[in-house]
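Undergrad: this one's structure only:
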């Protein structure tokens, strides 16, 4: 039986949350699932409170509304290829989730340190290369449209801070010239054209341009100002944010606010993560493994991971002019040994594939209004509980109160109060020894105000 620590208490103001595709139009809570198929086919399994489940089902249950998939041109194996992406896109849509497609325009990983052309494009002239970007992008989007799985968001390139399709589209160092920026702009516009020419009036795909360092304001200004000089029209600024590479939470916050004001565009942190341990789950070297890589104040524990993610989500949600539109956790499914994982200590599952408590932040955090929190309302004692608990709240005025308990999916379990209460502190006892272990929502409606609090039922040992 999963044992939840006592620090997991999340308060939400508003109605009971239900995860639907409509949420993605408000705030994206995404997971990059590009490794999922490979993990599953090598024997990896996922569990929620000891019950084996599809990882996509687990993600949706805990509030995720989007899966990000990357695509490589001609990878060395079947994964991240077009056939693989088509199959995964079907799974994502069948699970009731939206998806984001990330074109790497390479046969392998593309990032600020490596933007290798696909082998098939290595010897092309620039004009033919640009046409190949257009034709390939159009072909991929056409294939997705044909099976009714168009993405809601498309990245034209992955972490293209120094350009893409090197050296033709390289823009850093000796390549930071007007001529190179013009060529880079042409390549980006050809990719965007390949997306847009597939769309009918009813279709809506948002174009994302992805810069790697979400805490580097100088770098972001240099990149996006120059890009816009090339008349590249796009919808969303995409950023990565890993504190050990990119900087502090304060720097992230300041950068998001500046970009939102300066460019008047929506922003999504399309990659991010944080460790829940520094231990290893297999023999593959981990990317993060020492305390000096951690952000000050956030230890490599499940609690530290939880608090770090809460703060990241809060910063994005509070971005100037409501321009912060989402966060995508990178590879939360990459558990150890399936295949060897350099990321298992940053996943949202433990080494045995059991979902971690830190995933709870995605269920509620997008709707938390930090300015209106009142910790004197709706307190649960104890939490977690075994057989019984007490629900405490303050009644400020005489009015109708409805207090109810539901499961995590919103199914009503029991109504505890449904009457007019007078002012004063209230204590309601609830005894439920036969209730199945799990996560439950206690919701109180006092007049026109509604608030919900999670409680966790655990088994006695």
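TA: Nice, I can see it. Just so we're clear, the structure is a prediction, and the values are computed from it rather than from any experiment.
Undergrad: contacts for stretch 287-294 next, please.
TA: Contacting residues not belonging to stretch 287-294 are listed as 243-244, 275, 278, 280, 300, 304, 342-343, 345-346 [CB atoms under 8 Å, 6 or more residues apart in numbering]. (Glycine included, C-beta is placed from N, CA and C.)
Undergrad: would you write a PyMOL line that selects the buried entries of those residues?
TA: Those of the contacts of stretch 287-294 that meet the burial criterion (16 or more other CB atoms under 10 Å) are gathered into one PyMOL selection, given here:
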select buried, resi 243+275+278+280+300+304+342+343+345+346
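Undergrad: which one of the contacts of stretch 287-294 is nearest to residue 163?
TA: Of all the contacts of stretch 287-294, residue 163 sits closest to residue 244, with 24.3 Å by CB to CB.
Undergrad: list the contacts of the closest one.
TA: Contacts of residue 244 were listed using CB under 8 Å, 6+ apart, and they are 288, 293-295.
Undergrad: tell me the average confidence for whichever strand or helix holds it?
TA: Assigned by DSSP states H and E, residue 244 belongs to helix 243-246. Mean per-residue pLDDT for helix 243-246: 98.
Undergrad: returning to that earlier point: out of the contacts of residue 244, which are buried?
TA: 288, 294-295.
Undergrad: and the residues you listed as CSV, adding distance to residue 195, pLDDT and secondary structure?
TA: Formatted as CSV, the entries for the buried ones among the contacts of residue 244 read as follows, by distance: CB to CB, whole Å; pLDDT from 0 to 100; DSSP: H, G, I helix; E, B strand; the rest coil:
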residue, distance to residue 195, pLDDT, secondary structure
288, 34, 97, coil
294, 38, 97, coil
295, 36, 97, coil
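Undergrad: need those in CSV with distance to residue 128, can you?
TA: Below are these laid out as CSV (distance: CB to CB, whole Å):
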residue, distance to residue 128
288, 41
294, 47
295, 45
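Undergrad: nearest to residue 95 among the residues you listed?
TA: Looking at those and their distance to residue 95, the nearest is residue 288, at 29.0 Å (CB to CB).
Undergrad: how near is the closest one to residue 346?
TA: To residue 346, residue 288 is 6 Å away according to CB to CB, to the nearest Å.
Undergrad: now do residue 183
TA: Separation of residue 183 from residue 346 (CB to CB): 36 Å.
Undergrad: what do residue 288 and residue 346 both touch?
TA: With contacts defined as CB under 8 Å, 6+ apart, the residues adjacent to both residue 288 and residue 346 are residue 275.
Undergrad: where does the protein have low pLDDT?
TA: Scanning the chain with the threshold set as pLDDT under 70 gives 1-25, 364-377, 460-461.
Undergrad: how near is the residue nearest the centre of it to residue 70?
TA: Nearest to the geometric centre of the chain sits residue 328, at 2.4 Å (CA atoms, centre = their mean). As defined by CB to CB, residue 328 lies at a distance of 11 Å from residue 70.
Undergrad: cool, residue 414 as well?
TA: For residue 414, the distance to residue 70 under the criterion CB to CB works out to 45 Å.
Undergrad: the two: which is more packed in?
TA: Neighbours per residue (other CB atoms under 10 Å) separate residue 414 from residue 70, with residue 70 holding more: 22 against 12.
Undergrad: enumerate the positions of the longest helix along the chain that are buried.
TA: When the chain is scanned for its longest helix (criterion: DSSP state H), the result is helix 126-146. For helix 126-146, the neighbour count (16+ other CB under 10 Å) marks 129-130, 132-134, 136-138, 140-141, 143-145 as buried.
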